[in-house]
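Novice: what would the 3D arrangement of this be:
(chains A, B, C, D, E and F)
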4 protein chains.
Amino acid sequence: MDVSDTSASSLDSAPAPVRRAGRRSGRKREDVLAHACLVIGERGADATRFADVSEVSGVPISTLQYYFGNREDLLLAAFRYAAQRDLDGVRAAAAALDDPWERVQKVCAFVVGFADEAAPYAWQLWVEAWRWAQRDAEWRTEVLADNAEWRGLLAETVADGVASGRFRADADPGRVARQALAMVDGIGLPIVLEDPAVPPEMARELLIDVLARLLLP
Amino acid sequence: MDVSDTSASSLDSAPAPVRRAGRRSGRKREDVLAHACLVIGERGADATRFADVSEVSGVPISTLQYYFGNREDLLLAAFRYAAQRDLDGVRAAAAALDDPWERVQKVCAFVVGFADEAAPYAWQLWVEAWRWAQRDAEWRTEVLADNAEWRGLLAETVADGVASGRFRADADPGRVARQALAMVDGIGLPIVLEDPAVPPEMARELLIDVLARLLLP
Amino acid sequence: MDVSDTSASSLDSAPAPVRRAGRRSGRKREDVLAHACLVIGERGADATRFADVSEVSGVPISTLQYYFGNREDLLLAAFRYAAQRDLDGVRAAAAALDDPWERVQKVCAFVVGFADEAAPYAWQLWVEAWRWAQRDAEWRTEVLADNAEWRGLLAETVADGVASGRFRADADPGRVARQALAMVDGIGLPIVLEDPAVPPEMARELLIDVLARLLLP
Amino acid sequence: MDVSDTSASSLDSAPAPVRRAGRRSGRKREDVLAHACLVIGERGADATRFADVSEVSGVPISTLQYYFGNREDLLLAAFRYAAQRDLDGVRAAAAALDDPWERVQKVCAFVVGFADEAAPYAWQLWVEAWRWAQRDAEWRTEVLADNAEWRGLLAETVADGVASGRFRADADPGRVARQALAMVDGIGLPIVLEDPAVPPEMARELLIDVLARLLLP
DNA sequence: TATGAATGAGAGTTCATTCAT
DNA sequence: GATGAATGAACTCTCATTCAT
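Specialist: Numbers count the residues shown, from 1 in each chain, chains lettered A, B, ... in the order given. As a prediction, the model looks like this:
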């Protein structure tokens, strides 16, 4: 649980920033954010100090403040970065699949960490974001917008499947997307807590079962 | 968002402790915990200071420490208190219902705050507990045990319904309980965030729809 | 260095109170003081809390306060107890010796811990007393009086030796007593610090050498 | 006994830092340490709070912590500073004297505060250091090293005197140094306590008498 | 642009002490 | 006479932030 101890495991393996930003400073900024996400996932947002991010990213504290201003601004920037990155990732992964049923499963699996492409600490960052969104308007906007993106992604896929006849004709894309998202969020809980009563394999199966009842003819 | 400002709204309406404990200190202890739960729900556990609980409950800081020792121990005690209280509440509410289908709906509705008997901030406390459980073994144990209780409650009801023929004969109580719980946890999210895309009434309907597909013949 | 850890070594072996006080409470009081001395020697007076003495002696904190009043009063009482006990001890030990030269050595050896009769932590308690005496009038009085006792004891012995011809005729009892006491106090330092440059055996020899130069013909 | 009251007497007369360090912070750091030594000497190390040093030195508490980290580290740094300063002082004073006998007296007189060059509270700081050294390994190392320096200084001087024939030919520098140091430490006690039975002039004379017996032919 | 130095605000914790029984 | 409950005071320490360079 200690960042400095896990340096060998995950915090050092910050995924290389996805897009090659033009400006050099943008490059460094993204690097910092990727590291910040790791710290947030590891410690939790409330417990994430400038000092932590500084230590992990190698960037001096005052430089972090120069870049991001507030501590809270840094946190929000990190969440925005992660949200975008995850969305980019899942879109890329989904685009490679033709079958709507497989696409739905991929999208759902992504957040919870089933998929290999899943970003580290994706679900933990989600929980952190929820918490802040409950109490901060700016975060709330951000989270709701992100939620809408995911919902749209799912709805679109569902609509595809309905159109192609792969899914039940009476499946309402918007409704099912909301239900699927809820299932995903809910089934993620025991996974992250490593609840022995709901091992990952069972969780996946239970999730897919619900999805099937909602979608498959 | 400020506790002292909202004192008129909810923080003062600490629910009267349920059982009249024999010891005077036990009485006061529970009172403090009820108040602490309100603060935690309002501010979040990380942001809950001794000073906040002291102010809201009227008990001096050093007395809080005398009672609970650590700040973290206070937090954990509050969660334990809330978990037990909610469980007691939902059990009482469910016991009054004969129809398994209505019982299932009542139990599910309880957590998310649909039901009138629902404890204040029940869902917020849940999220807080999840977060801590991710990083603290003691919390994890507590949360998993509590999860098991709810799962058991649901499974039991499902089994009743299957036995009475109210539910589909092929409904596996354990499986459905896990799925229902996931759905409840997941659908709570947009409710708490007051996501305009998923208003409470829709959330309830979407939840019940899934439950119906899982249970009803 | 931890009291609770050394419970097996020394803190439990509180020497049985010397005199059989008439009152039962006096008995318990002495017992507490003997324990308090151990804690003071182990931790230092400043770091000696009511809680420590309570834990070691088994007497509740409020009872300690009921007995001794202030924390400082407890400390002072403990020092008085130890000082008297040590003085009683060394007088008894010295009385058993006929030869003044042996008596002098016995008295000197007592404080530093050479002698078997030496009380536990005698020297540590001395240092603690010095420190407090520098800043507190009451302690100062106590320490000076105790110093005078030891000086008198030594002077008396020196006078005996001079009278009996065992010591140099020109040895001034008062002067030599002061010098001997200084030597004792000074040579105790490396012993307590376990200075490898001045092992106990060497310390004893160096001390006796000086005494010999002062006293022997 | 109160620092704020005695500000006019001694605490304001912080000796100007000896060497003009290059860095500005080094300058300020030394200044703080000089002040800290005064507080420690006045109050005792255990009773020395950040607030005291802050008030006397005019440096904010958080800055003290920024400089030294811990309270204990501040204390240790202060002792190191004082030890070095005293050693430098006595070496300078001794270097000015040709006669070994005078040099020995000067060195011995220094610690106890006879000499004019003596640092304020030198002996009090010694006692504080002893106490901590009994219970803390780091302090012990420091104190033993410092002790060794003083012993070496004395032994060197004795060897000089023996070589020059000023001292007895059979005087063993190492032995005599140990004995002299013990005498110095021991005779300092009544001086600091202002024991009326051993006024400073008598203490000095008693000390020199012993030294003479050890060294002079 | 980037960074080290410095500092104020705030929090947890310890501990002696008071009070009621 | 003896003891548990309760509480205020004091202190250390962490951390975000400001300022100067």
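Novice: going forward, measure contacts and count neighbours with C-alpha atoms only.
Specialist: Noted.
Novice: once you drop chain neighbours, what's closest to the closest residue to DNA strand F within chain A?
Specialist: Across chain A, the shortest distance to DNA strand F (CA to the nearest atom of the strand) belongs to A:R49, at 3.4 Å. What sits nearest to A:R49 in space, not counting adjacent residues and going by CA to CA, 6 or more residues apart in numbering or on different chains, is A:R71, at 7.7 Å.
Novice: that neighbour and A:Q65 touch, don't they?
Specialist: Yes. With contact defined as CA atoms under 8 Å, A:R71 counts as touching A:Q65 (7.4 Å).
Novice: now the residue nearest the centre of chain A: how far from DNA strand E?
Specialist: In chain A, the residue lying closest to the centroid (CA atoms, centre = their mean) is A:A122, at 3.8 Å. Computed as CA to the nearest atom of the strand, to the nearest Å, the A:A122 to DNA strand E distance reads 28 Å.
Novice: count of residues packed around the residue lying closest to that residue once chain neighbours are set aside?
Specialist: Excluding the flanking residues, the one nearest A:A122 by CA to CA, 6+ apart is A:V111, at 6.2 Å. By the measure other CA atoms under 10 Å in any protein chain shown, the count of residues near A:V111 is 25.
Novice: who are the packing partners of the strand or helix carrying A:V111?
Specialist: Element membership of A:V111 [criterion: DSSP states H and E] is helix A:100-112. Here helix A:100-112 touches helix A:71-95, helix A:122-135, helix A:137-164, helix A:173-192, going by 3 or more CA pairs under 8 Å, 6 or more residues apart in numbering or on different chains; DSSP states H and E.
Novice: helix, strand or coil: sort out A:A119 for me.
Specialist: Put simply, A:A119 is coil when judged by DSSP: H, G, I helix; E, B strand; the rest coil.
Novice: wait, what's in contact with it?
Specialist: A:D86, A:G113 (CA atoms under 8 Å, 6 or more residues apart in numbering or on different chains).
Novice: what's near enough to touch A:R151?
Specialist: A:R151 sits next to A:G174, A:A177, A:R178, A:L181 when contact means CA under 8 Å, 6+ apart.
Novice: excluding its backbone neighbours, what's nearest the closest residue to chain D within chain A?
Specialist: Minimum separation of chain A from chain D (CA to the nearest CA) falls at A:A51, amounting to 14.6 Å. In space, and not counting its chain neighbours, A:A51 is closest to A:I61: 6.3 Å by CA to CA, 6+ apart.
Novice: distance of the one you found relative to A:F50?
Specialist: Noted for A:I61: a distance of 6 Å to A:F50, by CA to CA, to the nearest Å.
Novice: count of residues packed around the residue nearest to A:A51?
Specialist: Neighbour count for A:I61, taken as other CA under 10 Å: 16.
Novice: please apply the same query to A:P120.
Specialist: Neighbours around A:P120, by other CA under 10 Å: 23.
Novice: for it, give me phi and psi.
Specialist: Taking degrees, to the nearest 10, you get phi -60, psi 140 for the backbone angles of A:P120.
Novice: does it touch A:L38 like I think?
Specialist: Yes. Judged on CA under 8 Å, A:P120 makes contact with A:L38 at a distance of 7.4 Å.
Novice: which residues of chain A score low on pLDDT?
Specialist: A:1-25, A:115-118 (pLDDT under 70).
Novice: give me the element A:Y66 is part of.
Specialist: Using DSSP H and E, A:Y66 sits within helix A:61-68.
Novice: for that helix, which residues meet the burial criterion?
Specialist: Residues A:I61, A:L64, A:F68 are the ones in helix A:61-68 that count as buried (16 or more other CA atoms under 10 Å in any protein chain shown).
Novice: one more: stretch A:207-217?
Specialist: Within stretch A:207-217, the residues that count as buried by 16+ other CA under 10 Å are A:L207, A:I208, A:V210, A:L211, A:L214, A:L215, A:L216.
Novice: distance check, the first one against DNA strand E.
Specialist: With distances defined as CA to the nearest atom of the strand, the gap from A:L207 to DNA strand E amounts to 39 Å.
Novice: and what of A:P200?
Specialist: Here A:P200 is placed at a distance of 35 Å from DNA strand E (CA to the nearest atom of the strand).
Novice: tell me who's in contact with the closest residue to that residue other than its chain neighbours.
Specialist: Closest residue to A:P200 apart from its sequence neighbours, by CA to CA, 6+ apart: A:I191 at 5.8 Å. A:I191 is in contact with A:V112, A:V198, A:P199, A:P200, A:A203, counting by CA under 8 Å, 6+ apart.
Novice: how about the residues you listed in TSV, adding secondary structure, neighbour count and distance to B:D185?
Specialist: As requested, those are arranged in TSV below (DSSP: H, G, I helix; E, B strand; the rest coil; neighbours: other CA atoms under 10 Å in any protein chain shown; distance: CA to CA, whole Å):
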residue	secondary structure	neighbour count	distance to B:D185
A:V112	helix	25	14
A:V198	coil	18	15
A:P199	coil	14	17
A:P200	helix	20	17
A:A203	helix	24	14
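Novice: want to throw these into CSV with distance to C:L75?
Specialist: Listed next are those as CSV, based on distance: CA to CA, whole Å:
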residue, distance to C:L75
A:V112, 62
A:V198, 60
A:P199, 60
A:P200, 62
A:A203, 64
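Novice: closest to A:E30 among those?
Specialist: Nearest to A:E30 among the contacts of A:I191: A:V112, at 23.6 Å, using CA to CA.
Novice: from what I can see the closest one touches A:Y121, true?
Specialist: No. Assessed by CA under 8 Å, A:V112 is found out of contact with A:Y121, at 9.4 Å.
Novice: enumerate the residues of chain A near DNA strand F.
Specialist: Chain A comes close to DNA strand F at residues A:T48, A:R49, A:F50, A:A51, A:I61, A:S62, A:Q65, A:G69, A:N70, A:R71, A:E72, as judged by CA under 7 Å from any atom of the strand.
Novice: give me the ChimeraX select line for the residues you listed, limited to the buried ones.
Specialist: Selecting only the buried entries of the residues of chain A next to DNA strand F in ChimeraX, with 16+ other CA under 10 Å as the criterion:
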select /A:48,49,50,61
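Novice: quick one, what contacts A:V176?
Specialist: A:A155, A:V158, A:L214, A:L215.
Novice: how about TSV for these, with distance to C:A34 added?
Specialist: Below are the contacts of A:V176 laid out as TSV (distance: CA to CA, whole Å):
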residue	distance to C:A34
A:A155	80
A:V158	82
A:L214	78
A:L215	81
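Novice: quick check: A:L207 touching A:A182?
Specialist: No. The pair A:L207 and A:A182 fails to qualify as a contact (CA under 8 Å) at a distance of 10.3 Å.
Novice: let me know the secondary structure of the spatially closest residue to A:L215 that is not a sequence neighbour.
Specialist: Setting aside the residues directly before and after it, A:L215 is nearest to A:F167 in space (CA to CA, 6+ apart), at 5.2 Å. Following three-state DSSP, A:F167 is assigned to coil.
Novice: burial check on A:F167, number of neighbours?
Specialist: For A:F167, the neighbour count with other CA under 10 Å is 20.
Novice: now the one 10 residues further on
Specialist: One way to gauge burial is a neighbour count; for A:A177, by other CA under 10 Å, it gives 25.
Novice: my guess is it meets A:A155, correct?
Specialist: Yes. Taking CA under 8 Å as the definition, A:A177 is a contact partner of A:A155 at 5.1 Å.
Novice: distance check, the closest residue to DNA strand E within chain A against D:A119.
Specialist: Proximity of chain A to DNA strand E (CA to the nearest atom of the strand) peaks at A:T63, 3.9 Å away. Plainly put, A:T63 is 45 Å away from D:A119 if you go by CA to CA.
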